[in-house]
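In: structure for this input, please:
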Amino acid sequence: MQLFYSNTINKESEQYTFDKEESRHIVKVLRKVEGDLLYITDGNHFLFVVEISIANDKKCTVNIKDIIEKPIGRNYKIHIVIAATKNIDRIEWFLEKATEIGVDEVSFVLCDRSERKMLKYERLDKIVISAMKQSLKYYKPKINEAISLKEFILKTKEGQLFIAHCEDTNKQSLKGSLEENGNYTILIGPEGDFSPKEIEIAIDNNYKPVSLGDSRLRTETAALVAVHTACFINE
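Out: Below you'll find the predicted structure:
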């Protein structure tokens, strides 16, 4: 099954028209014709089964035949809070793989040692959408624009809170700290790690310091390990 995405399709609609780019892909590349079925998700747990009524490569129109709710199927939520890497390709790789595995929300933060402060969120959104469609998921992870780490810490108080850092202090493993069916917020620092002051602020605000293992991981690798660990302990 090939999955399409639309943030404008809704349950009250009887018809839907793809934009020019998707219309061309459907008609010219996939060679779909009138009567063929397609599948669209709204990124919010719904699958729309549609039938092509007008196979136009500039304005492909479909009739909505069925709407299926696709519950998330799990009782936990993963929120990764990450400082963007200097090489943007690494963050894009993380977003792609984390979406495939099952992240729910990603927030970007500006840290004392951050080397990148600007992000192209439209491009990041396209990467998440592509990964969602490829992995046949019906929920589009939420991507939040960057704010200061301190601001994020002070406003986020609910669920199980963790900060993964490399300082040689007393830490438990993330795997051993996660409680099943939880709402997890996990802070991942920049290249060069969080500063001691940032770690102190997080701990003072009930973030638990954790380790992701003995290896020193890149920022994007650490974030992906955190996502996988949270999924794994809930299997």
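
In: now do the residue nearest the centre of the chain against residue 104, distance only.
Out: Nearest residue to the geometric centre of the chain (C-alpha atoms, centre = their mean): residue 141, 3.7 Å. Distance, residue 141 to residue 104, by C-beta to C-beta, to the nearest Å: 6 Å. (C-beta placed from N, C-alpha, C; glycine too.)

In: what is in contact with those two at once?
Out: Residues touching both residue 141 and residue 104 (C-beta atoms under 8 Å, 6 or more residues apart in numbering): there are none.

In: the residue nearest to the centre of the chain against residue 103, yeah?
Out: Yes - if you go by C-beta atoms under 8 Å, residue 141 and residue 103 touch, sitting 5.2 Å apart.

In: mind listing the helices for this structure?
Out: Assigned by DSSP state H, the helices in the chain fall at 20-24, 88-101, 121-134, 149-155, 174-177, 196-204, 219-233.

In: is it possible to export those to a markdown table including mean neighbour count?
Out: Shown next, in a markdown table, are those (neighbours: other C-beta atoms under 10 Å):
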| stretch | mean neighbour count |
| --- | --- |
| helix 20-24 | 15 |
| helix 88-101 | 19 |
| helix 121-134 | 16 |
| helix 149-155 | 16 |
| helix 174-177 | 16 |
| helix 196-204 | 16 |
| helix 219-233 | 21 |
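
In: how about the ones you listed in CSV, adding distance to residue 162 and mean pLDDT?
Out: Below are the helices of the chain laid out as CSV (distance: least, C-beta to C-beta, whole Å; pLDDT from 0 to 100):
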stretch, distance to residue 162, mean pLDDT
helix 20-24, 39, 95
helix 88-101, 16, 97
helix 121-134, 23, 96
helix 149-155, 12, 95
helix 174-177, 6, 94
helix 196-204, 9, 95
helix 219-233, 8, 96
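
In: save those as a markdown table, and put in distance to residue 33 too.
Out: As requested, the helices of the chain are exported to a markdown table (distance: least, C-beta to C-beta, whole Å):
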| stretch | distance to residue 33 |
| --- | --- |
| helix 20-24 | 13 |
| helix 88-101 | 31 |
| helix 121-134 | 21 |
| helix 149-155 | 50 |
| helix 174-177 | 50 |
| helix 196-204 | 56 |
| helix 219-233 | 40 |
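
In: give me the pLDDT for the residue nearest to the centre of the chain.
Out: With respect to pLDDT, residue 141 scores 97.

In: how about the one 5 residues further on?
Out: Here the pLDDT value assigned to residue 146 is 96.

In: residue 84 is in contact with that one, correct?
Out: Yes - contact criterion C-beta under 8 Å: residue 146 and residue 84 qualify, at 7.0 Å.

In: which residues do those two both contact?
Out: Common neighbours of residue 146 and residue 84 (C-beta under 8 Å, 6+ apart) are 108, 117, 119.
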